[in-house]
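Student: return atomic coordinates for the entry below.
(2 chains)
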Amino acid sequence: MLKIAKERLNELYAAIAEAQALVLPLKKAGEVNYGAWAEGVEVSLETLKTVKSPKDMFFPQSENMMKFKTEGKNIEIIDVRGEKTPTVLFGVKACDYKAIEVLDKVFLADPVDTYYQSRREATTIVTLACSKPEESCFCKAFGIDATNPMGDVTTWIDEAYLYWQANTEKGESLTAVVSALLQEGGEAEVAAQQEKTTAILEKLPFSNLDLSRFTPENLNELFNDSAWEEMSEACLGCGTCTFVCPTCQCFDIRDFKTNEGVVRYRCWDSCMYSDFTLMAHGNSRTTQMQRFRQRFMHKLVYYPSQNDGLYSCVGCGRCVNKCPQRLNIVKVIKTLGGKKND
Amino acid sequence: MKEVELKMLERAKELLTSGEVARVIGWKKGDFCHDPSPASFETVEELNDFVYDWFCGANLSKYLIQMSKKEGKTAVFLKPCDTYSFNQLVKEHRIKRENMYVIAVECLGKLDVEKMKAKGASMIEGVDVQDEKVTVHTLYGDQEMEKSEVLLVKCETCNKTHQAKDEEIILHERQPKDVNRLAEVEALEAMTEAERFAFWKEQLSKCIRCNACRNVCPACSCIKCVFDNPASGISAKANDSEFEEQMFHIIRAFHVAGRCTDCGECSRVCPQNIPLHLLNRKFIKDIDTLYGEFQAGETTEGKTPLTSYTEEDTEPNDVFNGEAK
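Tutor: Okay, here's the model as predicted:
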């Protein structure tokens, strides 16, 4: 294990950024989100939950997919995918790292989403262990260890040092870039911190949520549960939960006419929105209850049924903190999870 | 607060049991002490989850649009600020007043748990409020905070009083605050154009276009928003630049100008904490200056500055040129 004194972190960032892009949690206009490092930015590693997750480093909120130019009866299709800049994504928490695994199963499965893939391959992920989880965290319920988040490099931070451990070849290459700044040591400090954090994780109110009812066999029972009406009653139909969620992956594709031809782009979409699933014949989901149900059934039943039981919620708790009406997946799990099948 | 809650609960039970109302709109307990959700209660049993505490900041008025369509009378607990939105919705024929039973409830300001967390409170188990002091009980011990520092933004400058009520439950009178709710707008006006542009660019670039501000806004009560309509040609889910969001927010502020009651829900719900209420307050200040003092939602009838014309009205050109009377 290697380490670097906290007051020298800026040197570490500068050394990484010399060779490639560096993206990490930055405080801007009072809020912390992932952004590109540059001299003078305010890095905020201690922030437990960035407002948005790092998913838009691979799956941006909007991106151009291709352009079309027409001349007479000919259509020229222009590929806008360029080479992706090698990037280091720094400070990713265990829940958000697990979320990338969830996204990989969608975007890297056949047919591969090359837009996602090129960014993903160009990125080295440096994770950061949590030491101060809070009451809205429930990664433990999904079997995630917040004290050992993996990735290409895992880091831990305490009052004095940032500890560094490479896990993969990509991680070793990055270590080589910054090795002059790192010194040996830290095993005991990291182990002590992990033990302390694990004790806090045990005490978190949502750490032991009962997920046993959320299985593919119970799909119909869960889908038809009468509790959805009441649970969704206060839902505003906004997209906050989906846009702050690290695993929500739905997008819309549209064409935009410009003076230089047509641009086809995609952007995040939300199953909470009234025009989601709108098709030529109309909309298959006509009520907010149906949209609300879709979101949670997808996380807890549909996705796991297609991915060997892996839930597509990682317990980051952003929806717990950010839903304007304080509705969230925990309330759904508690309401439905506690029931027996009829 | 507990006595107020008990009185409210007692009234809700009476109203449901006697059949005077078919449902009561209030707040339901969450998993913590700080996450109640708006809810409707149709039976006495459902009222087991009823709560009214320091975190019931959500404005219940907009729910009444959907409740208004239901069979029977709806009782609703409204805080002072909520009654302005209520009146405005009645005025716009979005709520049927005769189907509503308004119980005005006391409000001494609501608290913002995010502000408490920003002050280091973690694992919050409860709060006690004594005048201007808040004691936050956490798993790691108690923490003292000034109430003024942990109020919801919308409560910081609120001097509103109930504008609609069929009965009231008020056990503690609130002292008027000696604050200028337009102070932040004045500070923005005092900036140079470049500074102001930089301020809004930084703030609005955070927008993730989740539409929470619009969906929670009682003045945004269109059945179908033009931005949600794929056939409108302007439905916008993506942006050309990080600052294109300004168009959405400025257009929205124009759209609700003269109808916005300054309930502050837009800023409460914004996941990126963009001070959206400042756009609305700028319009409120301009309307006051150009057409005389006006507060939307004080009444359910009568003309409003932007929906009526008099020969003395300021000419739009004068406003544009900064020469308005």
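Student: tell me who's in contact with the residue of the stretch 1-150 of chain B found nearest chain A.
Tutor: Per CB to the nearest CB, residue B:35 is where the stretch 1-150 of chain B lies closest to chain A, at 4.0 Å. In short, each C-beta sits where N, CA and C put it, glycine included. Taking CB atoms under 8 Å, 6 or more residues apart in numbering or on different chains, we find residue B:35 in contact with A:320, A:326, B:55, B:113.
Student: go again using 6 Å as the cut-off
Tutor: Listed by CB atoms under 6 Å, 6 or more residues apart in numbering or on different chains, the contact set of residue B:35 reads residue A:326.
Student: repeat that for residue B:160.
Tutor: Counted by CB under 6 Å, 6+ apart, residue B:160 has contacts B:80-81.
Student: helix, strand or coil for it?
Tutor: Assigned by DSSP: H, G, I helix; E, B strand; the rest coil, the conformation of residue B:160 is coil.
Student: how close does the closest residue to residue A:180 other than its chain neighbours sit to chain B?
Tutor: Spatial nearest neighbour of residue A:180, excluding adjacent residues (CB to CB, 6 or more residues apart in numbering or on different chains): residue A:15 at 7.7 Å. The spacing between residue A:15 and chain B, counted by CB to the nearest CB, to the nearest Å, is 28 Å.
Student: pretty sure residue A:15 sits in a helix.
Tutor: Yes - under three-state DSSP, residue A:15 sits within a helix.
Student: helix, strand, or coil at residue A:99?
Tutor: Residue A:99 ends up helix, using three-state DSSP.
Student: output the below-cut-off pLDDT ranges for chain B.
Tutor: B:323-325 (pLDDT under 70).
Student: residue numbers of it in contact with chain A?
Tutor: B:30, B:35, B:37-38, B:122-123, B:202-203, B:206, B:208, B:210-212, B:215-216, B:228, B:230, B:237-238, B:269, B:271-273 (CB under 6 Å from any CB of the partner chain).
Student: so which bits of the biggest strand by length in chain A are buried?
Tutor: Counting residues, the longest strand in chain A under DSSP state E turns out to be strand A:62-71. Neighbour counts using 16 or more other CB atoms under 10 Å in any protein chain shown place A:62-64, A:67 of strand A:62-71 among the buried residues.
Student: ok, residues contacting that strand?
Tutor: By CB under 6 Å, 6+ apart, strand A:62-71 touches A:75-78, A:80, A:261-267, B:238.
Student: residues contacting residue A:335?
Tutor: Contact partners of residue A:335, counting by CB under 6 Å, 6+ apart, are A:227, A:231.
Student: what helix or strand is it located in?
Tutor: helix A:329-337 (DSSP states H and E).
Student: and that helix, average pLDDT?
Tutor: Confidence over helix A:329-337, taken as the mean pLDDT, stands at 95.
Student: quick one: buried residues of that helix?
Tutor: A:329-333, A:336-337.
Student: kindly indicate which of those lies nearest residue B:100.
Tutor: residue A:331 (27.7 Å; CB to CB).
Student: on that earlier part again, generate a ChimeraX selection restricted to the buried subset of the residues of chain B next to chain A.
Tutor: Written as a ChimeraX command, the selection of buried residues from these, which uses 16+ other CB under 10 Å, is:
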select /B:30,35,37,38,122,123,203,206,208,210,211,212,215,216,228,237,238,269,271,272,273
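Student: please look at the residue nearest to residue A:180 and residue A:178 and confirm they touch.
Tutor: Yes - with contact defined as CB atoms under 6 Å, residue A:15 counts as touching residue A:178 (4.9 Å).
Student: among these two, which residue is more densely surrounded?
Tutor: residue A:178 (21 against 15; other CB atoms under 10 Å in any protein chain shown).
Student: from residue A:57, how far off is the more buried one?
Tutor: 20 Å (CB to CB, to the nearest Å).
Student: kindly report the same for residue A:245.
Tutor: Residue A:245 is 15 Å from residue A:57, by CB to CB.
Student: and what of residue A:3?
Tutor: Distance from residue A:3 to residue A:57, by CB to CB: 26 Å.
Student: ok, these two, which is more surrounded?
Tutor: residue A:3 (23 against 18).
Student: how close does the more buried one get to chain B?
Tutor: On the measure of CB to the nearest CB, residue A:3 and chain B end up 26 Å apart.
Student: the one helix or strand that residue maps to: which residues count as buried?
Tutor: Per DSSP H and E, residue A:3 falls inside strand A:2-5. Within strand A:2-5, the residues that qualify as buried by neighbour count (16+ other CB under 10 Å) are A:2-4.
Student: who does that strand pair up with?
Tutor: Here strand A:2-5 is paired, per DSSP bridges, with strand A:161-166 (antiparallel), strand A:183-184 (antiparallel).
Student: quick one: mean pLDDT over it.
Tutor: 98.
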